[in-house]
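J.: Okay, here's the prediction I keep looking at, along with the sequence it came from:
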2 protein chains.
Amino acid sequence: MSNFRLGIISSIYNGIPKEAQITRIEFEGPEIAVYVKNPSVLSDKMDLIKKIVKEIKKRIVIKADNSVRKDKKETIEIIKNFVPAEAQISDIKFDDELGEVLIKAKKPGLVIGKRGLIQQKIFMDTYWRPVIIREPPIKSRTVEGVLTHIYNETEYRAKMLKTFGERIHREILFKDRYVRVTALGAFQEVGRSAVLVETPESRVLMDVGVNPSVNFGERMFPKLDIDQLRLEDLDAVVLTHAHLDHSGMIPFLFKYGYDGPVYTTQPTRDIMALMQLDLLDVADKEGRPLPYSAKEVRKELLHTITLDYEEVTDIAPDIRLTFYNAGHIIGSAMAHLHIGDGVHNLVYTGDFKYARTRLLDRAVSEFPRVDTLIMETTYGAQLQTNRDESEKQLIDVINKTLNRGGKVLIPVLAVGRGQEIMLVINDAMKRKLIPEVPVYVTGLFDEVTAIHTAYPEWLGKEVRDSILFRDENPFTSEFFKRIEGYREDIAEGEPSIILATSGMLNGGPAVEFFKQLAPDPKNSLIFVSYQAEGTLGRKVRDGAREIQIIGRDGRVDNIKVNLETTPIDGFSGHSDRRQLLKFLEDLTPKPRNIILNHGEASAIREFKKNIENFRERERLGLRSANIYSPAILDSIRLDKTS
Amino acid sequence: MSNFRLGIISSIYNGIPKEAQITRIEFEGPEIAVYVKNPSVLSDKMDLIKKIVKEIKKRIVIKADNSVRKDKKETIEIIKNFVPAEAQISDIKFDDELGEVLIKAKKPGLVIGKRGLIQQKIFMDTYWRPVIIREPPIKSRTVEGVLTHIYNETEYRAKMLKTFGERIHREILFKDRYVRVTALGAFQEVGRSAVLVETPESRVLMDVGVNPSVNFGERMFPKLDIDQLRLEDLDAVVLTHAHLDHSGMIPFLFKYGYDGPVYTTQPTRDIMALMQLDLLDVADKEGRPLPYSAKEVRKELLHTITLDYEEVTDIAPDIRLTFYNAGHIIGSAMAHLHIGDGVHNLVYTGDFKYARTRLLDRAVSEFPRVDTLIMETTYGAQLQTNRDESEKQLIDVINKTLNRGGKVLIPVLAVGRGQEIMLVINDAMKRKLIPEVPVYVTGLFDEVTAIHTAYPEWLGKEVRDSILFRDENPFTSEFFKRIEGYREDIAEGEPSIILATSGMLNGGPAVEFFKQLAPDPKNSLIFVSYQAEGTLGRKVRDGAREIQIIGRDGRVDNIKVNLETTPIDGFSGHSDRRQLLKFLEDLTPKPRNIILNHGEASAIREFKKNIENFRERERLGLRSANIYSPAILDSIRLDKTS
């Protein structure tokens, strides 16, 4: 065992009273679990634990030794006794390895109790450590499936956490210090995001995506096959959000030798799994197999460690990770790396929205320290219509269409702006700005909405408060009618609003609805997201009046496009140029290096020119910052003096 | 065996007449050796061989099968019969493995014969392939030692060449193409030169030096301990010249897992070994051991493949190396890498002098293709006195000193300008511009001069012609008196000129002479090279009038410095700013990328500013070139479109 770990262990032994009877101390991922025979001794001694935590700068969790934990049946009884019936417990699962009891309830707050008292009581009376999660009001097979999978593999997971923990707390070897960033994907382009961070001690990969606009070949994946990147030696994968252009290649790592942890948020973990499995499914149907299978997705889930925003976590001997809200989609995060005890501090924004939306709070712009900022620049050269204006546009089109007896079809991406549109429509209907017609919700998008309802704590303040404190959940609003796939009766029925995937009309029930609605000029089609080159959505958006669609059975449908088409660009989850600049202006403290990524070469070039301008530099407080726009396989040493 | 090698082998079998009786085909390093039982069949069929060479684009050497080679005694007789006595053969050695006979002679030209006829005749009559080298007029223990060592290890060497050959001619695997350069040492600094070139197929390290101004610690060596660089996977080391800041860490590679070839020129090979062994010696005496020993220097020599200027050589499946004269010291080269059948062409200048000197021709500035130029910038911010002016200064000081009955001490670096000064003095004395006094030559520098006399073909045209065609060797001129170490009788004797190492007065006979000559104002001290901070030379140069020198025995000498001190900066082996700019102006064709290295940060900054100026860009024909000044551990992708 390393001297470093021995030091931590002796601090714990010295700091905790003998009567607690420590039986073992385990490095469980980033946490240190202290197993004791007599946890009650510590119940009123939290100060002691805090003192140790301060001393060793590590997270400590007190757990009860296996031998003293109560019988499971009895534990279930005790839990049911302590927790009020209104909490609506739906499931209780045990993890023998980690000494945890998972309690799933419709109202998890009531299981936790005021100031955590009930939760604490459960532990002290049963010696099982409660892990409390929400049973979503809309049933999600994903949330359900992920948890079942993890709780079926507690032994493997405990073993993994121990391995990770020992690796994280290994001895620091090198005196020499450097921090180096290498562009592996999504530099001078959008798609296949991947950034490698290297120090003499450790290597961290941030995001590992696929390029969704490429179906095969080397440009589909980030450059993972270089000497610099040995998957076996990688310390951690950090995932900023669930979109496939950031997460789609993580399972591949596990297929080719990676065996370490994936750090992300809870919502991202679930949506990522859903997206990856869907990608496998689509790829399979289209006969272009991916270089991994569902097996690796399952492994990835067992290797995932979820973190809350602003929770500081050791992920390597010399790297601490903290996630901050990125405002892009639910669970999306900016990653802050604190390297080498302050040698360097790096913020990687991932995709971010520097503006409040109905769904999410504005991305964070204040950090404890920032030396280098890696920043997305997707819309570095564009301005979006503002949000109020966009909402007004949406409401106008809906009104006009419904008033003339038409139906409104809104194709939505599975993850992203669909839920935002739901909030806009729900609000407008409540405020009677649009007539009360059925709003049909269908496709993969609906499952993602269900996941949203499992994690209201991760939504913006307004909607979070509405759900948690006013018991008003817009996603379960009576206006929304959840349906399975396409329904002809709806397409041919009364005026309504239809939200359906896919967002670019290249599959899913949205296409079926489109075929039915397109010929009638009374109907409307509203695009709320980007339509990529080559998709049906793009053709329609660009004004095609007649379209041929080849069905699954090979039959060709000739569709006359007579419905009204309206693109609205103000709902984007990305910051536009104005918002990117505002972010830089507000950013505290100011970085020495800015690295622009995740944008077409032209967008990055234009944005770079913008902020390199002398006056703009002064205004943004970036007078002497180095501004880089690297290409894939460029490496930049960050800790240099110049 | 790879399909690629099979293809080459079948081309050779198809192209060579059956009667020649091929017994084996070996990949011996970059050459392909065809062993035949009947070489005489091919003596008038060189066209056939040329055709094959053109087809397979590889160098072919015809050798005789072991079984048909003549007895060694008989071979020696035949050689002595064929070669005129004036050739003065001094040694004959056999390499059974490679079927070669080494013939050492004072006049190698007479062994080769007109249009190579004698050499050819020796082969046809003995079936041993002659390798002819010069016995230098000044005996060099280095040249001697290196050859003896290599010919003692013919079995090992043949095995190695075969290994290298098979590695070079391995199959190309990757469709994806990229070229990437990583700064490992001598970027934003001078010293510890090292550049890594990576493609999907292969990795080449150019120069691996030590930082001579640092005695220990991580800043002494290039950054070799990074994930990107696995010594076992390295294809080749390319060495541009023998100075330790370029060659001093090559033996280290062999200690830590490297087992491949070192490509360099013949003079560089010998001087490099001399310098490395001397470094080991000094480090040992000073009690700060280096991370390698003489064992690794010996291994390095067996792994060294020497190339002539402008000889195109495969060094990896997708990389061809060509050396060009760099004009810096004897054997110094610019390295041209032709990558991936023309995907990218890179020129690494190493240290270069873009001006003719007495010793060497001006560096080359025309290349078949150049996409990226990595260029030294040591004097990017300085102008040197021109050469004629410098020579005049030197002659003036010598005259003045000798005329007043004084002695002239010129401290010289072991390798570099000392030989240049010899040429200046020899010429001046011959032309009676200075009085004819003894010119004493002593120290490590003298051994290096001996090596110069072994390789006159590598010197500048004028001195080369003088030695080879007019039989006038300035280094063996009667003016020069070679002595061992320090001699008191000379220091106290009649007026004379003394050339002695070390060049910065930090050791060697130069210091002993200095101690004796310093107090007398009749004497002169001329500095012809850079005096580093912290050396005795620097102190004296900066005007110290009293100096304390601690002898080996610990005794402190108080020296009054009364002699006349004159620094002359025009003999530098580096290009000054004017010459660097002229090189860029003349450079053909013009590169897309220019990477500045080997210069202090301030020199690089200033030179970069200089050439980034719009008008200067126009003038130099570099309007749209990217100009980089990377820091250590930066990587630059070279084959990008922008």
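T.: In hand now; what should we look at?
J.: Tell me which helix or strand the residue nearest to residue A:623 when sequence neighbours are not counted sits in.
T.: Spatial nearest neighbour of residue A:623, chain neighbours left out: residue A:617 (5.2 Å); criterion: C-beta to C-beta, 6 or more residues apart in numbering or on different chains. Any C-beta I mention is one placed from the backbone N, CA and C, and that applies to glycine too. Element membership for residue A:617 (DSSP states H and E) is helix A:614-620.
J.: What residues of that helix count as buried?
T.: Residues of helix A:614-620 classed as buried: A:617, A:620 (neighbour count, 16 or more other C-beta atoms under 10 Å in any protein chain shown).
J.: now it, how far from the centre of its chain.
T.: Helix A:614-620 sits 33 Å away from the centroid of its parent chain (C-alpha atoms, centre = their mean, to the nearest Å).
J.: following it, which helix or strand shows up next?
T.: strand A:626-628.
J.: how's chain A carved up into domains?
T.: A:3-67, A:69-164, A:177-382+A:574-637, A:387-567 (automatic domain parsing).
J.: what pLDDT, on average, does the first one get?
T.: For domain A:3-67, the mean pLDDT works out to 92.
J.: Check the offset of it from the chain's centre.
T.: Centroid separation between domain A:3-67 and its chain, computed with C-alpha atoms, centre = their mean, is 32 Å.
J.: repeat for the third one
T.: Domain A:177-382+A:574-637 has its C-alpha centroid displaced from the chain centroid by 12 Å (C-alpha atoms, centre = their mean).
J.: end to end, how far does that domain reach?
T.: Counting by C-alpha to C-alpha, to the nearest Å, the length from the leading to the trailing residue of domain A:177-382+A:574-637 is 11 Å.
J.: Check stretch A:301-319 too.
T.: Stretch A:301-319 has an end-to-end distance of 22 Å (C-alpha to C-alpha).
J.: distance of residue A:192 from chain B?
T.: 13 Å (C-beta to the nearest C-beta, to the nearest Å).
J.: What about that residue, how many residues nearby?
T.: Each residue near residue A:192 was counted by other C-beta atoms under 10 Å in any protein chain shown, and the total is 29.
J.: how about it, what does it touch?
T.: Listed by C-beta atoms under 8 Å, 6 or more residues apart in numbering or on different chains, the contact set of residue A:192 reads A:185, A:186, A:209, A:210, A:211, A:219, A:220, A:221, A:222, A:245, A:249.
J.: Need these in JSON lines (columns: pLDDT, distance to chain B and secondary structure).
T.: Putting these into JSON lines (pLDDT from 0 to 100; distance: C-beta to the nearest C-beta, whole Å; DSSP: H, G, I helix; E, B strand; the rest coil) gives the following:
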{"residue": "A:185", "pLDDT": "96", "distance to chain B": "13", "secondary structure": "strand"}
{"residue": "A:186", "pLDDT": "96", "distance to chain B": "15", "secondary structure": "coil"}
{"residue": "A:209", "pLDDT": "96", "distance to chain B": "18", "secondary structure": "coil"}
{"residue": "A:210", "pLDDT": "93", "distance to chain B": "16", "secondary structure": "coil"}
{"residue": "A:211", "pLDDT": "87", "distance to chain B": "14", "secondary structure": "coil"}
{"residue": "A:219", "pLDDT": "82", "distance to chain B": "9", "secondary structure": "helix"}
{"residue": "A:220", "pLDDT": "86", "distance to chain B": "11", "secondary structure": "helix"}
{"residue": "A:221", "pLDDT": "91", "distance to chain B": "10", "secondary structure": "coil"}
{"residue": "A:222", "pLDDT": "94", "distance to chain B": "12", "secondary structure": "coil"}
{"residue": "A:245", "pLDDT": "94", "distance to chain B": "20", "secondary structure": "helix"}
{"residue": "A:249", "pLDDT": "96", "distance to chain B": "16", "secondary structure": "coil"}
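J.: From those residues, list just the buried residues.
T.: Applying the neighbour count, that is 16+ other C-beta under 10 Å, the buried entries in these are A:185, A:186, A:209, A:210, A:211, A:219, A:220, A:221, A:222, A:245, A:249.
J.: Relative to residue A:94, how far out is residue A:37?
T.: Taking C-beta to C-beta, to the nearest Å as the measure, residue A:37 and residue A:94 are separated by 19 Å.
J.: what do you get for residue A:453?
T.: In this structure, residue A:453 and residue A:94 are separated by 26 Å, where distance is defined by C-beta to C-beta.
J.: Smallest distance to chain B belongs to which residue of chain A?
T.: Here chain A gets closest to chain B at one residue, residue A:635, 3.4 Å apart by C-beta to the nearest C-beta.
J.: what's around that residue, how many residues?
T.: By the other C-beta under 10 Å criterion, the neighbourhood of residue A:635 contains 24 residues.
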